[in-house]
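# quick check, what structure comes out for this input:
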Amino acid sequence: MSKLADFVKYEADEKKEKHVPVIDAPNTVKKGEFFSVTVTVGKDIPHPNTKEHYIGWIEGFVVPKSGVAKSIGKFVFEPEITDSTATFRIRLEEDATLFAWGYCNIHGLWENSKEIKVG
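Prediction:
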C-alpha cells in the first residue's frame, strides 16, 4: 500500500518553477515566547497564479524533539488574487523541527523543513 509520503516532492525534484516552500524563521528562539514563521512558495521565482495553475494551500507542522507532530495551521489560497505566503505565530518549549507543505494543483505536494533551537 502506498503512503502519502511516497508522493511528496522535495528540492531535488525542483525544475523550472519554484514549488518548495521556503521557511523564514529564526534559528534560535526563547522558550515559551511567540515568534513568526513565514512560509512562501515561489519566493525567489514566482509561481504561476492562474485558474489553470496555482498554489492551493500551505500547511505547517511542528515536531518537538520529544515527539508528536502538531499542526500549526493551514492557509487556503484562491487563484489570481492571492499570494502563496502564510505567516504563523507560534511558541516552543523545546527544540523542534518545522515542516511546511505546499500544494500545487498541477505538480502536487511539496515539503521543506527547518530546525529551531530553543535557548
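# for Lys117, what are its contacts?
Contacts for Lys117 (Cβ atoms under 8 Å, 6 or more residues apart in numbering) come out as Asn27, Thr28, Val29, Asp95. Every residue, glycine included, has its C-beta placed from N, CA and C.
# quick one: contacts for the third one?
Going back to what we said before, that points to Val29. Phe35, Arg91, Leu92, Ile116, Lys117, Val118, Gly119.
# among those residues, which ones are in strands?
The strands, defined by DSSP state E, take in Phe35, Ile116, Lys117, Val118 from the contacts of Val29.
# residues touching the spatially most central residue of the chain, list them.
Among the residues of the chain, Ala100 comes closest to the average C-alpha position under Cα atoms, centre = their mean, at 2.2 Å. Ala100 makes contacts with Pro21, Ile23, Val39, Ile58, Glu59, Gly60, Phe61, Glu111, Asn112, Ser113, as judged by Cβ under 8 Å, 6+ apart.
# let's see it at 7 Å
By Cβ atoms under 7 Å, 6 or more residues apart in numbering, Ala100 lies in contact with Pro21, Ile23, Val39, Ile58, Gly60, Glu111, Asn112.
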